[in-house]
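got a sequence here, can you model it:
(one chain, ligands or ions: 1)
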Amino acid sequence: MSDTPQKRVRVRFAPSPTGYLHVGGARTAIFNWLFARRMGGDFLLRIEDTDQTRYQEKALHELIADLKWLGLNWDEGPEVGGPHESYFQSKRLDHYQKYARQLVASAHAYPCFCTPERLDELREQQKVNNLPPSYDRRCRNLPADVAAQRVAAGEKHVVRLKAPFHGNTVFKDHIRGIIDTPNRVLDDLVLLKGDGFPTYHLANVVDDHLMEITHVLRGDEWIPSTPRHILIYQALGWEPPVFCHLPVILAEGGGKLSKRKGAASVGDYRDLGYLPEVMVNFLSLLGWSPGEDLELMETDVLIEKFSLDRIHPKSAVFDEKKLEWMNGQYFLRRDVDYFMPLVLPLWEKAGVNLAAFSPEYVRRAVELLKDRSKRLPDFVDYGLYFFNDPAAYDEKTRNKHFGAGSAELLEGLIAEVESGEFNAAALEARYRAFAESTGRKGGDLIHPTRLAISGMPFGPGLFELMEALGKDAVLRRMRAAVAAIRAGF
Ligand code: GLU
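Model prediction:
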């Protein structure tokens, strides 16, 4: 064991607000957040907005709203501030320019005056000769004093890193192990652009250093950038953080995730009625597992179990069916109070005048529906009969349950409903006795009654549903069904 105390863990989520927060980005944020919370460290949100041509104000607001919805609070960053303000890279240009200058002064970087036209020509030639595009390092050979004079005279230029010609750049990824890149494939990348803005590479390294980031957890599409970052760390004499590149998330049946393949933004899943804790639970399992046969984990359990050592490099598959299943499981676990503020606005939006019903009745409707629902819109799609008499009967099952003799059967059942105590247990007992005395099975009575009172082929337990709807509504609806059957619907 080393004597030096372990550094406080500091991680960051560093999105570029150029579009919506997709599930891959959310997974990266979740892993960083879980790790920070597990280690009692800090989770930073840093906005990488130096590509002003692609920046979208709306995307930034949505991103912040999505992170909040997921419950991923940050210790430093936009809105909360922190000791390393600003957390917007576009407001930190001085830092990047300072280190670019320092790299030029120490001969690790150089100003490059090649015009875009020259670079285009170069690329064309390389294409014709079947060579990979790379800068031919022409300005690297300019004497330093000549270059400095041209800069001082205001000539337009970029700043490029002097990548070594020989040898290899090696780093140890915490998940994949040693990654060894021959330096000849790392050309002299641009650090600072002509307009004084940094490239992603320079800004990312400078900020990770200044913000004292200890671990970089990011998608594995960034692996090719990491050796370049290592070169920048070396040139500045800084110690790089620990790198953990998270495995790619594939769509079902293989291939990349895309909007069309079901994988949408976090906001889309919210609109589809998934719970934020479910998204966190589900996404945490894309590339990580707790090492025991456990899938349903509330956020506090995830925090307790999360470790970098159990992130695996194998690609993960985004299984929508599993997500839906998981949501349903959380619906079973959550109580009615949890759902009230989520469901009532949906019903109001669907045109229900909730004020016309007692609070107890509305609450009971939520309670009965939640255990059969998988997503929040199910409360609307399969639950409005609590407030409206059915205007139609499920077409798929209507001929089966409303066939010959059904009207007479329902009339017999109406008499039973009318004849005694009206509660679930008493109704069930009378239905059972009726089935026995007429030689029918329970289902022969239950299905037509359910269809009559709800218009639906499935739903909460029938007798509980009848009790909840109340005697008047049940009788009115059963009589309406008899009339509809006689009229041929
Ligand atoms: N701004 C980069 C992104 O949009 C950050 C990558 C990184 O974490 O280094 O994903």
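
what stretches of this protein score poorly on pLDDT?
The model of the chain has pLDDT under 70 over residues 1-5, 259-263.

which bits of it sit near the ligand?
Taking Cβ under 6 Å from any ligand atom as the contact definition, the chain meets the ligand at Ala14, Pro15, Ser16, Glu48, Asn204, Arg218, Trp222. Just so you know, the C-beta spots here come from the backbone N, C-alpha and C atoms, and that holds for glycine as well.

and the nearest residue to the last one once chain neighbours are set aside, what helix or strand is that in?
Looking back up the chat, that one is Trp222. Leaving aside its sequence neighbours, Trp222 sits nearest to His245 (Cβ to Cβ, 6 or more residues apart in numbering; 6.5 Å). With secondary structure defined by DSSP states H and E, His245 is part of strand 242-246.

how would you label the residue of the stretch 351-489 of the chain found nearest the ligand: helix, strand or coil?
As assessed by Cβ to the nearest ligand atom, the ligand sits closest to Arg375 within the stretch 351-489 of the chain, at 29.2 Å. Three-state call for Arg375 (DSSP: H, G, I helix; E, B strand; the rest coil): coil.

show me the contacts for the closest residue to it other than its chain neighbours.
Computed as Cβ to Cβ, 6+ apart, the closest residue to Arg375 that is not its neighbour in sequence is Gly273, at 3.5 Å. By Cβ atoms under 8 Å, 6 or more residues apart in numbering, the contact set of Gly273 is Asn327, Arg375, Leu376, Pro377, Asp378.

surely Gly273 is within a strand?
No: counting by three-state DSSP, Gly273 falls outside a strand, being coil.

mind checking how far it is from Pro116?
49 Å (Cβ to Cβ, to the nearest Å).

likewise Val11?
When Val11 is compared with Pro116 (using Cβ to Cβ), they lie 37 Å apart.

same check, this time on Gly442
79 Å.

cool, Leu332 as well?
For Leu332 relative to Pro116 (Cβ to Cβ), the value is 60 Å.

okay, now the closest residue to Lys256 other than its chain neighbours: neighbour count?
Leaving aside its sequence neighbours, Lys256 sits nearest to Leu250 (Cβ to Cβ, 6+ apart; 6.9 Å). Neighbour count for Leu250, taken as other Cβ atoms under 10 Å: 17.

list the residues that contact Leu250.
So Leu250 contacts Lys256, Leu257, Ser315, Ala316, Val317, Phe318 (Cβ under 8 Å, 6+ apart).

mind listing the strands for the protein?
Under the criterion DSSP state E, the chain contains strands at 10-13, 42-45, 109-112, 158-161, 168-173, 177-182, 190-192, 215-219, 242-246, 249-251, 316-318.

what's the most buried one of those strands?
strand 10-13 (a mean of 26; mean count of other Cβ atoms under 10 Å).

and it, how far out from the chain's middle?
Here the centre of strand 10-13 is set off from its chain's centre by 17 Å, with Cα atoms, centre = their mean, to the nearest Å.

ok, back up a step: for the residue nearest to Trp222, give its distance to Thr18.
Taken as Cβ to Cβ, the span from His245 to Thr18 is 21 Å.

please enumerate the helices of the stretch 101-250 of the chain.
All helices of the stretch 101-250 of the chain, identified by DSSP state H, counting those that start in this stretch, fall at 116-128, 144-152, 200-210, 226-236.

would you turn those helices into a markdown table with mean neighbour count?
Converted to a markdown table, the helices of the stretch 101-250 of the chain look like this (neighbours: other Cβ atoms under 10 Å):
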| stretch | mean neighbour count |
| --- | --- |
| helix 116-128 | 12 |
| helix 144-152 | 13 |
| helix 200-210 | 22 |
| helix 226-236 | 20 |
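
reformat those helices as CSV; add distance to Ser419.
Output for these, formatted as CSV (distance: least, Cβ to Cβ, whole Å):
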stretch, distance to Ser419
helix 116-128, 88
helix 144-152, 98
helix 200-210, 76
helix 226-236, 78
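
wait, which of those is closest to Pro164?
Closest to Pro164 of those, according to Cβ to Cβ: helix 226-236, at 7.6 Å.

what packs against that closest one?
On a contact count with 3 or more Cβ pairs under 8 Å, 6 or more residues apart in numbering; DSSP states H and E, helix 226-236 meets helix 93-105, strand 158-161, strand 168-173, strand 177-182, helix 200-210.
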